[in-house]
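> for reference, the sequence and a predicted model appear below.
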Amino acid sequence: MKDDVQPADYIDQLARGEFIRVGLGVLLVSFMTAHATLFSIVFARNGHDLHDIGVILSSAALPIIFFSLISSEFCTRIGVLPTLRLAMVLCIIGFASFYFTRASFTGAILSRIVQGAGQGLFLSAAITYGQSRLTPNRLLYLLGVFSAMMPLSQALGPPVGEWTLARFGESAMIAIAVVPGLMGLALTFGVRPIPSPPRAGGLDLVASWRKELVLPLVSVASAGSLFGFAVAYLAPALEARHIPIAAFFTASTLTMFATRFLGLRRVEAVDRRLLVAAGLMLEAIGYVAVSGAGSRAWMVSIGGVLFGFGHSMIYPVLAVWVTDGVEAARRAGPQAWLNAFFNLGIYATPLPETWLVAAYGYEAAMIALAAVAAGVAIWLAARATLSRL
């Protein structure tokens, strides 16, 4: 019968609805956590000085990296879907607790640690579940759209939070933002779990290691360091030149969404190494354009477009690459490696980047990061070319 035919893009007829529901849940929880970009304002209003605010904000780095690394252990032991729900609960508790802890230095750090643990578990479990609903037909495109839910929240959450904060205050902002988080958690109930594989001895993270992961992990750490610099230092670098930060961030964000929704479907068959190499090279060129833009906002926007175009390809391609040939129930391990190295690049490299900025300035730091990314891109392209000879 016609109703018995499975959709080409999903593993069965129920999977499409599950993919959409969990993707929307990921968006709603990420929308809540995106309000954290306003915490520096909230903490300052509660009497914390600049040094304390920096410590509070950075206290999430270690739990994010650590729980990213061990996320596959949770997925193996309690299941991918329960791990995703646990991650969402921790994100909600960590965020909501700021209603009570924001005026306390120690309390705010504890809230950030809980939130960081949730964020560390969140990405690997979400991507693993989303990927499990798909067939290879349009895997790269649909997973790219699914993974875009998290950065999409960064475009929606902060302006909504800023509006709420200005009109109703910080308590209302926190309370209101928790509502979509709870809605996102609720959407994960009623969908089917991924069948768990037989338990193997030892750590799943160790068991999932393959030498083939070296290339994608070096690539994602490089991409993470570029993204981490943009989050940590690009705003003050542009402000020092009297350039609106929207010149870069709006251009890069819009380009990223356009590419993931419209462009990834056209490159499904291209060698993963070449796609990631192209992405890193475009990010590198984008940074070179920004570093040499001087006070020209239009050139910064061109750099943002190039960066967004490159960034849009890297993560979804790597998420598919690291699980090539791996059965659905065992993909949490490779995803844990991928996201741990991505977060390592984002959160660990700002410290050495600080030394570069202090010694040589923002522009020189961007050139240095661009050179590293270009080197990795050339390495990837060379490996792809040599494998065909």
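The structure has been received and is ready for your questions.

> where do the helices sit along the stretch 251-389 of the chain?
Under the criterion DSSP state H, counting those that start in this stretch, helices of the stretch 251-389 of the chain are mapped to 272-291, 297-321, 332-348, 350-360, 362-388.

> just the stretch 1-150 of the chain next, same as before
All helices of the stretch 1-150 of the chain, identified by DSSP H, counting those that start in this stretch, fall at 13-33, 39-45, 50-58, 61-69, 71-78, 80-96, 98-101, 105-132, 139-147, 149-168.

> which positions within the second one qualify as buried?
When you say that, I think you mean helix 39-45. Using 16 or more other C-beta atoms under 10 Å as the test for burial, helix 39-45 gives 39, 41-43. Where you see a C-beta, it was placed from the backbone N, CA and C, and this is true even at glycine.

> chain center to that helix: distance?
Counting by C-alpha atoms, centre = their mean, to the nearest Å, helix 39-45 is centred 24 Å from the centre of its parent chain.

> then P195 would be within a strand, right?
No: counting by DSSP: H, G, I helix; E, B strand; the rest coil, P195 falls outside a strand, being coil.

> worst average pLDDT in the helices of the stretch 1-150 of the chain?
Ranked by mean pLDDT, the helices of the stretch 1-150 of the chain end with helix 50-58 at the bottom, a mean of 80.

> for that helix, packing partners?
The contact analysis (3 or more C-beta pairs under 8 Å, 6 or more residues apart in numbering; DSSP states H and E) places helix 50-58 against helix 39-45, helix 105-132.

> and those as TSV, adding distance to A247?
TSV is the format used below for these (distance: least, C-beta to C-beta, whole Å):
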stretch	distance to A247
helix 39-45	21
helix 105-132	28
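
> just name the most buried of the ones you listed.
helix 105-132 (a mean of 24; mean count of other C-beta atoms under 10 Å).

> relative orientation of it and helix 139-147 in degrees?
Helix 105-132 runs at 150 degrees relative to helix 139-147, counting by axes from the mean of the first three to the mean of the last three C-alpha atoms, to 10 degrees.

> quick one, which of the helices and strands packed on helix 50-58 is nearest to R266?
Nearest to R266 among the helices and strands packed on helix 50-58 is helix 105-132; the distance by C-beta to C-beta comes to 20.0 Å.

> coming back round to it: so which of the helices of the stretch 1-150 of the chain is nearest A359?
Proximity to A359, assessed across the helices of the stretch 1-150 of the chain by C-beta to C-beta, is greatest for helix 50-58 (19.9 Å).

> would you mark the buried spots in that closest one?
Neighbour-count burial for helix 50-58 flags 53, 56-57 (criterion: 16+ other C-beta under 10 Å).

> the helices of the stretch 251-389 of the chain: lowest mean pLDDT?
In terms of mean pLDDT, the lowest-scoring of the helices of the stretch 251-389 of the chain is helix 350-360 (a mean of 81).

> for that helix, give me every contacting residue.
By C-beta atoms under 8 Å, 6 or more residues apart in numbering, the residues outside helix 350-360 that reach it are 225, 228-229, 232-233, 364-365, 368-369.

> do that again at 10 Å, thanks
Outside helix 350-360, the residues that touch it by C-beta atoms under 10 Å, 6 or more residues apart in numbering are 58, 61, 225, 228-229, 231-233, 236-237, 349, 362-369.

> how about it, which residues are buried there?
With burial defined by 16+ other C-beta under 10 Å, the residues of helix 350-360 counted as buried are 350, 353, 356-357.

> and of the residues you listed, the nearest to V22?
P350 (31.2 Å).

> tell me how far stretch 226-244 lies from the chain's centre.
Worked out by C-alpha atoms, centre = their mean, stretch 226-244 lies 19 Å from the chain centre.

> ends of that stretch, what's the gap?
Stretch 226-244 has an end-to-end distance of 20 Å (C-alpha to C-alpha, to the nearest Å).

> any idea of the mean pLDDT for it?
Here the average pLDDT along stretch 226-244 is 83.

> can you list the buried residues in that stretch?
Quick answer for stretch 226-244 (16+ other C-beta under 10 Å): 226-230, 232-234, 237-238, 243.

> closest to S387 among the residues you listed?
For the buried residues of stretch 226-244, the residue nearest S387 by C-beta to C-beta is L226; the value is 25.7 Å.

> which strands or helices does the host helix or strand of the closest one pack on?
Element membership for L226, per DSSP states H and E: helix 214-229. Judged by 3 or more C-beta pairs under 10 Å, 6 or more residues apart in numbering; DSSP states H and E, helix 214-229 is in contact with helix 272-291, helix 297-321, helix 332-348, helix 350-360, helix 362-388.

> would CSV of these with distance to S68 be doable?
Listed next are these as CSV, based on distance: least, C-beta to C-beta, whole Å:
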stretch, distance to S68
helix 272-291, 20
helix 297-321, 13
helix 332-348, 4
helix 350-360, 17
helix 362-388, 21
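
> and of the ones you listed, who's closest to S72?
With C-beta to C-beta as the criterion, S72 lies closest to helix 332-348 of these, at 3.8 Å.

> tilt between the closest one and helix 50-58?
Interaxial angle, helix 332-348 versus helix 50-58 (the same axes, to 10 degrees): 170 degrees.

> so how far is helix 332-348 from its chain's centroid?
Worked out by C-alpha atoms, centre = their mean, helix 332-348 lies 10 Å from the chain centre.

> give me the angle between it and helix 214-229.
40 degrees.

> now do the buried residues in helix 332-348.
Under 16+ other C-beta under 10 Å, the buried positions of helix 332-348 are 332-348.

> what of stretch 167-187?
170, 173-174, 176-178, 180-181, 184-185, 187.
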